[in-house]
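Participant: Generate coordinates for the sequence data below:
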Amino acid sequence: NHRSYELPNARIMCQHILTHLPGAQGMTQIVTISFFRFGSVRSRLWAFAMMGLARGQMSRVPGIGFWKLFGSGSNEGFTPKPNVSVYAVLATWPDRQTAERSLQQSAIFARYRQQAIENWTVFMRAETARGQWSGQTPFSTTTQNQNGPLAVITRATLRPRNLARFWRRVPNISQVIGQDPNVVFKIGIGEVPWFQQVTFSIWPSLEHMNNFARKGHHARAIQAVRMEGWFKEELYARFTLIADTGTWEGDSPLKKLDIS
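Facilitator: Reported below is the predicted structural model:
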């Protein structure tokens, strides 16, 4: 049972596919990130194996552009200890209609949903992006929306010599973000354990996100990154939220935004 929470009109629709917003289907790149929670040992082993086995199938999904498969960290995701029950898939699409159709109809995404006990997908448009990901610039940006809720993706490949210093700082950052009442959703995921790290977070506004990013442990960590060159490659991207489908921990995290 997939439920959709639409922004900015906050319409909640109990449907198996998202209802199209008028004029929302233009040829504007759509970015999706799908999270899957696996319950049984068998399904968790399946999900772990698919980190390698799903690559060929994922590349053949109709309309898919840039895509990545992720595992996740334990607790709130910002730890080097893996969470073997949660995996994620990021993908770009030429437009929203293609994204919806391919996510619903492609065999590989259907298999993930069948194996998972819960799944949640967020649909977004990139407002701003800087840096590269695997040597590419995957996100096409649109007009920035400074006022509404937003999602943020940060991604970095760590230099091996800086691995220990990076992971020593992470617990402090994790504790601060976990205590921040304004963060709507946050998770740490990764392509390669310990070396290629991604954070995904949702905030009620740019102001709330900046208040976190520019203070305390996070700000000091960013300063160290710049001064000491911890990363071989990094990317920062900010997104406008469009819609979601499915649930996470039994509900849509976007409902926490309380948008009318």
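Participant: was I right about Ser74 contacting Lys81?
Facilitator: Yes - the pair formed by Ser74 and Lys81 meets the contact definition of C-beta atoms under 8 Å, at 4.4 Å. To be clear about C-beta, it is placed using only N, CA and C from the backbone, and glycine gets the same treatment.
Participant: quick one, what contacts Pro82?
Facilitator: Residues in contact with Pro82 (C-beta atoms under 8 Å, 6 or more residues apart in numbering) are 71-74, 193.
Participant: Out of the residues you listed, which two sit at the greatest distance?
Facilitator: When the contacts of Pro82 are compared pair by pair using C-beta to C-beta, the two farthest from each other are Ser74 and Pro193, 11.8 Å apart.
Participant: What separation do you get for the closest residue to Leu103 other than its chain neighbours and Phe200?
Facilitator: Taking C-beta to C-beta, 6 or more residues apart in numbering as the measure, Leu103 lies nearest to Phe109, with 5.2 Å between them; neighbours along the chain are not counted. Phe109 sits at a distance of 18 Å from Phe200 (criterion: C-beta to C-beta, to the nearest Å).
Participant: circling back to that earlier point, settle it for me: which of Ser74 and Lys81 has more neighbours?
Facilitator: Ser74 (15 against 9; other C-beta atoms under 10 Å).
Participant: what's the more buried one in contact with, if anything?
Facilitator: Ser74 makes contacts with 81-83, as judged by C-beta under 8 Å, 6+ apart.
Participant: Secondary structure element holding the closest residue to Trp67 other than its chain neighbours?
Facilitator: For Trp67, ignoring the flanking residues on the chain, the nearest one in space by C-beta to C-beta, 6+ apart is Ala91 at 4.3 Å. In this assignment (DSSP states H and E), Ala91 forms part of strand 82-93.
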